[in-house]
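Q: What would the 3D arrangement of this be:
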Amino acid sequence: MKSSIFYSLLALLFLGACAREELVPSPLTANTTLQALLLDEEANPASAAEGEKASTDKPKLLDCFTLVYPLSLTLPDGTVLSGGEVELWEAIKAWYEANPTVDAKPELNYPLQITWPEKEAPQILNGAAELKTAKEYCVAKKSEAGKDQQDCFELVYPLTWTLPDGSEVSMNAAEDWSAIKAWYEAHPDTDAKPELNYPVQIAWPGKDALATLNGAAELEAAKKYCGAEKWDADQAGADCFKLIYPLIWTLPDGSEVLMDDAEDWTAIKAWYESHPPTDIQPELNYPVEIVWPDKDVFKVIESAAEMEAAKEECK
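A: Numbers count the residues shown, from 1 in each chain. Got it, this is the predicted structure:
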């Protein structure tokens with residue numbers, strides 16, 4: 001009887017040890033996020049440290065686009081998983097916990113979709129090469145974000161800002177930033193940024209005329225104009241206005257091309273060279289931004305009809 005109890009306890013201890021081993025997360029899935037794992041990037045350390053919440057947080061480097069779920073992926077043993085973000089993340093973590101010696105990452109299956117904050121319509125990616133292009137654009141965008149825009153334009157005072165509590169601060173000079181700084185020092189738990197009230201005016205170096213911006217979209221267009229100087233000289237209306245990159249075009253077969261600058265036209269040209277005699281033109285995805293450099297005027301174009309109207313203004 002004693003022998004039977006001894007072996008029963010030994011078995012329970014063995015099973016308990018196994019259970020504890022199963023709870024140990026794989027190094028591949030510990031302190032990371034689903035998107036970071038799938039895109040082979042480092043997660044935001046602050047987000048990953050929150051444990052389960054990290055499964056839905058976006059990585060710090062790739063916060064310029066987001067994977068669209070449901071999607072499909074293939075595990076290292078050939079198993080194909082499909083589903084939403086939460087269920088996929090749980091299934092992946094369980095698989096790697098059961099296979100702790102595997103260091104190969106899951107592979108995304110194509111086509112898949114991603115979304116950009118500045119674009120309403122998702123973009124379709126048909127292969128790893130297109131995903132690589134999107135990631136490279138993210139890196140370039142992040143490196144340009146720190147550029148000093150005052151080298152390009154300056155906001156003209158007076159300015160009015162709305163603070164997170166709804167109060168407003170009027171600024172007549174740069175020194176008045178101290179009022180906004182004081183508000184945030186008195187509200188240390190507030191992460192929301194102040195909102196600039198429109199319309200505002202900006203001044204371009206070397207130009208006497210001021211440009212009026214009527215909304216945040218036009219201010220973003222001005223910033224992009226400063227940092228890139230990436231214009232499409234071949235577009236209709238180029239003598240009058242220019243398109244601001246990045247742009248997304250849909251080809252006749254439904255595939256999409258992300259253009260970071262004018263050099264990316266080679267991808268569209270290559271598609272047409274391999275699909276003769278296709279005479280259907282690619283379609284520009286809206287919204288896009290245009291600028292009249294000689295007038296210092298920026299505008300968001302929401303549709304093909306508005307683009308045609310802009311071209312008419314050039315005549």
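Q: quick one: the helices in the stretch 151-300 of the chain?
A: Secondary structure of the stretch 151-300 of the chain (DSSP state H, counting those that start in this stretch): helices located at 177-186, 216-228, 265-273.
Q: Now do the buried residues in the first one.
A: For helix 177-186, the buried set under the neighbour-count rule, 16 or more other Cβ atoms under 10 Å, comprises W183. All C-beta atoms are positioned from the backbone trio N, CA, C, and that covers glycine.
Q: Show me what that helix is packed up against.
A: Here helix 177-186 touches strand 168-171, going by 3 or more Cβ pairs under 8 Å, 6 or more residues apart in numbering; DSSP states H and E.
Q: can you pull out the strands in the stretch 201-315 of the chain?
A: Counting by DSSP state E, counting those that start in this stretch, one finds strands in the stretch 201-315 of the chain at the ranges 210-213, 242-243, 247-250, 256-259, 283-284, 288-292, 297-301.
Q: now the helices of the stretch 151-300 of the chain as CSV including mean pLDDT?
A: Below are those laid out as CSV (pLDDT from 0 to 100):
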stretch, mean pLDDT
helix 177-186, 84
helix 216-228, 69
helix 265-273, 76
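Q: what about the ones you listed, which gets the closest to Y245?
A: helix 216-228 (6.3 Å; Cβ to Cβ).
Q: helices and strands of the chain: which one has the lowest mean pLDDT?
A: Confidence across the helices and strands of the chain bottoms out at helix 45-48, with a mean of 37, counting by mean pLDDT, DSSP states H and E.
Q: what's the closest of the helices of the stretch 151-300 of the chain to L88?
A: helix 265-273 (30.3 Å).
Q: Just checking: what are the partner strands of the next helix or strand after the least confident helix or strand of the chain?
A: Note on helix 45-48: by DSSP states H and E, the next helix or strand toward the C-terminus is strand 66-67. Strand 66-67 sits in its sheet next to strand 112-115 (antiparallel), going by DSSP bridges.
Q: The strand it pairs with - what's its average pLDDT?
A: The pLDDT scores in strand 112-115 average 89.
Q: any idea how far the next helix or strand after that strand is from the chain center?
A: Where DSSP H and E defines the elements, the next helix or strand beyond strand 112-115 is strand 123-125. Counting by Cα atoms, centre = their mean, to the nearest Å, strand 123-125 is centred 13 Å from the centre of its parent chain.
Q: Against I92, how distant is S26?
A: In this view, S26 and I92 are 9 Å apart by Cβ to Cβ, to the nearest Å.
Q: Looking at these two now, which is surrounded by more residues?
A: Set S26 next to I92 and count neighbours by other Cβ atoms under 10 Å: I92 wins out with 22 against 18.
Q: tell me which element that one is part of?
A: Following DSSP H and E, one finds I92 within helix 85-98.
Q: what packs against the helix or strand following that helix?
A: Sequence-wise, the next helix or strand downstream of helix 85-98 (DSSP H and E) is strand 107-108. Using 3+ Cβ pairs under 8 Å, 6+ apart, the elements in contact with strand 107-108 are strand 71-74.
Q: which residues touch the strand it packs on?
A: Residues outside strand 71-74 that contact it (Cβ atoms under 8 Å, 6 or more residues apart in numbering): L38, V80, L81, S82, L88, I92, P106, E107, L108, N109, L112, Q113.
Q: Each with direction, which strands does whichever helix or strand comes after that strand pair with?
A: Later in the chain than strand 71-74, the nearest helix or strand by DSSP H and E is strand 80-83. Here strand 80-83 is paired, per DSSP bridges, with strand 71-74 (antiparallel).
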